[in-house]
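Q: quick check, what structure comes out for this input:
(one chain, ligands or ions: 2)
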Amino acid sequence: MVNAGDETAGNPEPCVVGVDFGTLSGRAVVVRVRDGAELGTAEHEYRHAVLDRELPDGTRLPPDWALQVPSDYVDVLRHAVPAALATAGVRPEQVIGIGTDFTACTVLPVLGDGTPLCELPGLSGRPHAYVKLWRHHAAQPQADRITALAAERKEAWLERYGGKISSEWEFAKALQVLEEDPEIYHRTERWVEAADWIVWRLCGTYLRNACTAGYKGQFQDGAYPSRAYLESLNPGFADFVTDKLEHPIGELGAKAGHLTAEAAAWTGLPEGIAVCVGNVDAHVTAPAAGAVEPGQMVAIMGTSTCHVMSSDQQGAVPGMCGVVDGGILPGLWGYEAGQSGVGDIFAWLVRTGFPAAYTEAAAALGRDAHEHLTALAAEQKVGEHGLIALDWHSGNRSVLVDHELSGVVVGLTLSTRPEDVYRALLEATAFGTRIIIEAFETAGVPVRELIIAGGLTKNVLLMQIYADVTRRPLGVIGSTQGPALGAAMHAAVAAGAYPDIQAAARSMGKAGRGAYQPDPDRAAAYDRLYEEYRLLHDYFGRGANDVMHRLRRIRAEASA
Ligand SMILES: Nc1ncnc2c1ncn2[C@@H]1O[C@H](COP(=O)(O)OP(=O)(O)O)[C@@H](O)[C@H]1O
Ligand SMILES: O=C(CO)[C@H](O)[C@H](O)COP(=O)(O)O
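A: Ligands and ions are numbered 1, 2, ... in the order given. Take a look at the predicted model:
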């Protein structure tokens, strides 16, 4: 990190602020416009983290729920932005713009002035009044009906979503509210992506960003799903688009408005600076990683993995999350696919399968649990643990689009150790990425380069496994704050410092090429394991054995 304190004292250079709203925290970074130097960062954890068991008042939540509290996002503006400025040694007057990115589809019900329903008197005990986080997966029954009806009616937009609509997105989540808590649904005046809500808080203007509108809001070729379609889904849902969703769309990198006096007081930034249109964590990271050419796929690996890629070719990739015109970069088709659980799955093992003796050994070596398991797992040869796993602990986003699937580890014996399972889980996520890449290439959308970004780039074993499993050289982004950097780059465009995001990427992006090379022997050994993964994937995921769905029903009955 560069400290700009002295350097900027006599000659203050323009800077921008990017704020990345992740799953558990928000991270702010102060970036120099000229060259993308990251001058200071700060993180603020959400006080309520993820509500997946109960509301703050103790109201119990069913399985597969994941909610958040909107005031936690404002706290990031209050704490992380001033702290990042202080660390950077940058004076507020140097900052010409602020940009944000968010997880998505993370969506909330609000009044016409943006007030979240969960903040209204009498509604703090109502689960449906809260933010539904991207990994709220309880709307799967609604998603299944949305897909089935679209297929039956041959809705043209279905193909743009790889043939399946996800339970993570705006329509499935809203339909769940209507069907489970109609009063909350009727009191909802706007159904808003958190990505747009935070921009609304910053500049007082509500615009729907083109990215989430396209990928999560089923907005294609200037239109949402028709009233007739929605009425067939549920008569009470017929006017969802006109009553609660439709709103002017802001292009990515455009200026949404100017920082209000209230938001200036929260952040310590000057009132009136440019506020960029909202965007998504994965999508802003592509230009941050220098990926502005067709066929450069960026996998943003953290809690989950998103695969984003721009292409000059429009294709129907089965099971992708979507293809949106200009969804990542203007003038190109933007593709997204993903894996709902990656770091989250490794965290599950650390939480549930890390014995006391391991905790002591890790502490003695000064390692955290991930580092300890990784170091032990790195001592093995490919296949030595005798395991194969399916990475579906948080369901399958691509290519099966089914959040009622669950995780599997085959091959457990009385000799199996935690590091064996940990390694099998690392490998399972790499196999999941290979399935996705193959789906693109089979559909005629070439993947020319694979670049990795996100928190998991710090795990060297994991990166090498991805290179070996995919048989591709991996580039690794040259920043640990890819999304926040990408948000800052979009802010620079919104403030007029660059004509477009491609130009900003040339000066501010942090491309890293060829950091890991595949090893031919390990790659060959992984080919054999990948065949086993594919077999299990199709067996459990494509209907040959529906045991995972049946188990969910048994669980629901048992806990009813
Ligand atoms: N050394 C590690 N190896 C593998 N996974 C890790 C390691 N350290 C943390 N993780 C996982 O990384 C995830 C967080 O990734 P990060 O990119 O920081 O966050 P986010 O995806 O929310 O932006 C967590 O799920 C955590 O379990
Ligand atoms: O689906 C997304 C983008 O389209 C989510 O934002 C993403 O999966 C959550 O990201 P993270 O793993 O970084 O918390």
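Q: so where is this structure shaky, pLDDT-wise?
A: 1-11 (pLDDT under 70).
Q: give me the domain ranges for it.
A: According to automatic domain parsing, the chain comprises the domains 5-276, 291-476+519-560.
Q: what about the longest one and ligand 2, touching?
A: Meaning domain 5-276. Yes: counting by CB under 6 Å from any ligand atom, ligand 2 has neighbours in domain 5-276: Gly22, Thr23, Thr103, Ala104, Trp134. In short, each C-beta sits where N, CA and C put it, glycine included.
Q: now restrict the residues you listed to buried residues only.
A: Buried members of the residues of domain 5-276 next to ligand 2, counted by 16 or more other CB atoms under 10 Å: Gly22, Thr23, Thr103, Ala104, Trp134.
Q: out of those, which are inside strands?
A: Secondary structure assignment (DSSP state E) places none of these within strands.
Q: what's the spacing between the residue nearest in space to the middle of the chain and ligand 1?
A: Nearest to the geometric centre of the chain sits Thr103, at 4.6 Å (CA atoms, centre = their mean). Noted for Thr103: a distance of 8 Å to ligand 1, by CB to the nearest ligand atom, to the nearest Å.
Q: give the contact list for that residue.
A: Applying CB atoms under 8 Å, 6 or more residues apart in numbering to Thr103 gives the contacts Phe21, Gly22, Thr23, Leu133, Trp134, Ala194, Val280, Asp281.
Q: how about those in TSV, adding distance to ligand 1?
A: Listed next are those as TSV, based on distance: CB to the nearest ligand atom, whole Å:
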residue	distance to ligand 1
Phe21	9
Gly22	4
Thr23	4
Leu133	11
Trp134	10
Ala194	14
Val280	12
Asp281	7
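Q: pick the one among those closest to Val342.
A: Using CB to CB, the shortest approach to Val342 within those belongs to Thr23, at 11.6 Å.
Q: skipping adjacent residues, who's closest to Glu180 in space?
A: Among residues not flanking Glu180 along the chain, His128 sits closest, at 6.4 Å (CB to CB, 6 or more residues apart in numbering).
Q: confirm that the one you found sits in a helix.
A: Yes: counting by DSSP: H, G, I helix; E, B strand; the rest coil, His128 is part of a helix.
Q: so how far is Ala484 from the residue of the stretch 51-200 of the chain found nearest ligand 2?
A: Relative to ligand 2, the nearest point of the stretch 51-200 of the chain is Thr103 (3.5 Å; CB to the nearest ligand atom). Distance of Thr103 to Ala484, computed by CB to CB, to the nearest Å: 13 Å.
Q: cool, and Leu207?
A: Note on Leu207: its distance to Ala484, by CB to CB, is 21 Å.
Q: now Ala362: how far from Ser124?
A: 40 Å.
Q: who has more neighbours, the two?
A: Counted by other CB atoms under 10 Å, Ala362 and Ser124 do not tie: Ala362 has more neighbours, with 19 against 16.
Q: leaving out the residues flanking it, which one is nearest to the more buried one?
A: Nearest non-adjacent residue to Ala362, counting by CB to CB, 6+ apart: His372, 3.7 Å away.
Q: Three-state assignment for that neighbour, please.
A: Three-state assignment for His372 (three-state DSSP): helix.
Q: doesn't Ala494 make contact with Ile501?
A: No: if you go by CB atoms under 8 Å, Ile501 and Ala494 don't touch, sitting 10.0 Å apart.
Q: hmm, Pro92 and Leu85 touching each other?
A: Yes: with contact defined as CB under 8 Å, Leu85 counts as touching Pro92 (6.5 Å).
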